[in-house]
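1. A predicted structure for the sequence below; I have some questions about it.
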Amino acid sequence: MRFFEKILIANRGEIAIRVMRACRELDIETVAIYSDADANALHVKYADEAFNVGEAHPSKSYLNMDRIIDIAHKSGAEAIHPGYGFLAENPKFAGLCEKEGIVFIGPSSKTIGIMGSKLGSKHMMEAAGVPVLPYTPNGVTSAEAACAAADKIGYPLIVKASAGGGGIGMQIVPDPGALAEAIEKGMRTAKSAFGDATVFLEKYLTRPRHIEVQVLADSHGNRIHLFERECSIQRRHQKLVEESPCPIMTPELREMMTGSALTVAKESGYTNAGTVEFLYDGKDYYFMEMNTRLQVEHTITEMVTGIDIVHQQLAVAANEELPFAQEDVTLRGHAIECRINAEDPLNNFVADPGKIRRYRSPGGPGIRLDSGIHMGYAIPPNYDSMIAKLCAWSQTRPMAIRRMRRAISEYIILGVKTTLPLHYAIMNNAEYIAGNTHTHFLQEEHIAKTLERYQRDEDARMQTLAGSFGKEKKIAAITAAVNTYLAGKQR
Ligand code: MV4
């Protein structure tokens, strides 16, 4: 049962704590790393040991491969869990771990490398019979050379960086007149962001759903899926709300999509936990890419399947066999995740780091909160603005939505602006409630309605917030703070 004696967690914030929680349950000792900006962070206190890894800038700390490997050796850690972001999908880092005799808790560097090439992985999956959108298999370098291929694919189309992913460097091309510039811009962006100018063209879907399948694979050839997540509600490729199962899933579509996901895992020699991304246009689905890491939203899959994905990651990394077969995995109820960011949703989502002056977390039936913050904590400006993941589970989707509203109404974070009011508005939006989500949900007509609704709901919500504290003096203090907060927002 004790898969390792000690592991290093090469990450910070809520995900570092998430991984350490699994370790504590499994009697695995934990080693944290922290940058100068994170000396007082919760993940440092949670760990059994902690080492400073460098200056605040990620390139000097959480991305500093040699220093992290040094700390692993010095502390006697046998394995490294990379979390998400930072070094999680870096084949060079996974390879370095392999070379240094440290277990990288994730797939092999080879598999990470295969999936790092969006073009290469599309080739491989197309050959294996997984549906992909029409694309240019050899990439493109100029509009002249790509013109015929573009006409064949048809418009609108999209220029994507092969080394990209997660939407970075994508250019939508509405008509032939815009092709040359989009290819040029795409190549320039790809070169500067990834050091690889390779781009390709692909048919563009205007309002698809983003549906992804969670998979688990061990080193003995066993592969299972843990159903799907719908992740369409996002802004600038940052997901804001995810849910599992997808509200429009059918048994037939699920059968095909999960089958394709397992083919992708098999073809790439996948081990550990991973996620296969698809787009769905209401009729057909298409493979986009595979994320070779533990994802932020793995929590909702844990809620509907009851499986601890991090526990399984540790087991698989220690060469254990998966302890269950596909037919043992069942989907129970519905789970929703709201990503709480320290951002101002009414001012272009500008980041709002700083000190948390009042804090009270929600709880009760069916609620899960993963965060790395607390009252008095100062959110540093150097990293991602996500400060908490609020998840709600219930037997049905409508009840999960109601439960999420209830949890948001209990959640008090004062001192920094957060996306909580936007989440409350989304949970009250008729289109969201009907399950009508797609990748442009927040950009289109619904958002106006949603925000209007939110304005009306906000007062009632703040009453609830104040009420949940009980004591008169505190109510007065919070009401004053809330009024200041609202005044700032309604500019
Ligand atoms: C697309 C697409 C439409 N058509 N590709 C973005 C993240 C990456 N994993 C795949 N992404 C997309 N690829 C084609 N051919 C739509 C997305 C997409 C998206 C696009 C614009 C705005 C928001 C989006 C959210 C999710 C996916």
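-> Okay, I see it.

2. where does residue 439 land in three-state SS?
-> Here residue 439 is coil, with the state taken from DSSP: H, G, I helix; E, B strand; the rest coil.

3. count of neighbours near it?
-> Using other CB atoms under 10 Å, residue 439 has 20 other residues around it. (Glycine included, C-beta is placed from N, CA and C.)

4. try residue 277
-> As a burial measure, residue 277 scores 21 neighbours (other CB under 10 Å).

5. tell me how far the residue in the stretch 351-491 of the chain that the ligand sits nearest to lies from residue 230.
-> The ligand sits closest to residue 439 of the stretch 351-491 of the chain, with a gap of 3.5 Å, by CB to the nearest ligand atom. Shown here: residue 439 relative to residue 230, a distance of 11 Å by CB to CB, to the nearest Å.

6. if I look at those two, which residues touch both of them?
-> 209, 210 (CB atoms under 8 Å, 6 or more residues apart in numbering).

7. can you classify the spatially most central residue of the chain as helix, strand or coil?
-> Per CA atoms, centre = their mean, the C-alpha nearest to the average position across the chain is that of residue 296, at 3.6 Å. Under three-state DSSP, the three-state class of residue 296 is coil.

8. burial measure for the closest residue to it other than its chain neighbours, as a count.
-> Nearest non-adjacent residue to residue 296, counting by CB to CB, 6 or more residues apart in numbering: residue 84, 5.9 Å away. For residue 84, the tally of surrounding residues (other CB under 10 Å) stands at 17.

9. that's a helix at residue 84, yeah?
-> No - per three-state DSSP, residue 84 lies outside any helix segment and is coil.

10. follow-up on the earlier one: which residues touch the residue of the stretch 351-491 of the chain closest to the ligand?
-> 207, 208, 209, 210, 232, 234.

11. helix or strand for the fifth one, which one?
-> Pointing back at residue 232 there. Element membership for residue 232 (DSSP states H and E) is strand 223-235.

12. partners of that strand, with directions?
-> Strand pairing for strand 223-235, determined by DSSP bridges: strand 209-217 (antiparallel), strand 238-244 (antiparallel).

13. on that earlier part again, show me the contacts for the residue nearest to the centre of the chain.
-> 15, 84, 239, 337, 339, 386, 389.

14. what's the nearest residue to the first one if we skip its chain neighbours?
-> Using CB to CB, 6+ apart and skipping the chain neighbours, the partner closest in space to residue 15 is residue 83 (4.1 Å).

15. how about the last one?
-> When the adjacent residues along the chain are set aside, residue 389 lies closest to residue 370, with 4.6 Å between them (CB to CB, 6+ apart).

16. just confirm the one you found is within a strand.
-> Yes - looking at residue 370 with three-state DSSP, it is inside a strand.

17. any idea how far it is from residue 162?
-> 33 Å.

18. now residue 218
-> According to CB to CB, residue 218 stands 30 Å off from residue 162.

19. show me the contacts for the closest residue to residue 194 other than its chain neighbours.
-> Leaving aside its sequence neighbours, residue 194 sits nearest to residue 163 (CB to CB, 6+ apart; 3.7 Å). Each residue near residue 163 by CB under 8 Å, 6+ apart is listed here: 116, 117, 118, 190, 194, 195, 196, 198.

20. hmm, the fifth one is touching residue 164, no?
-> So the one you mean is residue 194. Yes - if you go by CB atoms under 8 Å, residue 194 and residue 164 touch, sitting 6.3 Å apart.

21. which of these two has more neighbours?
-> Legend: neighbour count by other CB under 10 Å for residue 194 and residue 164, higher for residue 164 (21 against 17).

22. which of the contacts of residue 296 fall in helices?
-> residue 15 (DSSP state H).

23. out of the contacts of residue 296, who's nearest residue 153?
-> Set against residue 153, the nearest of the contacts of residue 296 by CB to CB is residue 239 (27.4 Å).

24. pLDDT score for residue 452?
-> On pLDDT, residue 452 comes in at 57.

25. gap between residue 33 and the ligand?
-> Distance of residue 33 to the ligand, computed by CB to the nearest ligand atom, to the nearest Å: 29 Å.

26. what does the stretch 301-450 of the chain put close to the ligand?
-> Counting by CB under 6 Å from any ligand atom, the stretch 301-450 of the chain comes close to the ligand at residue 439.
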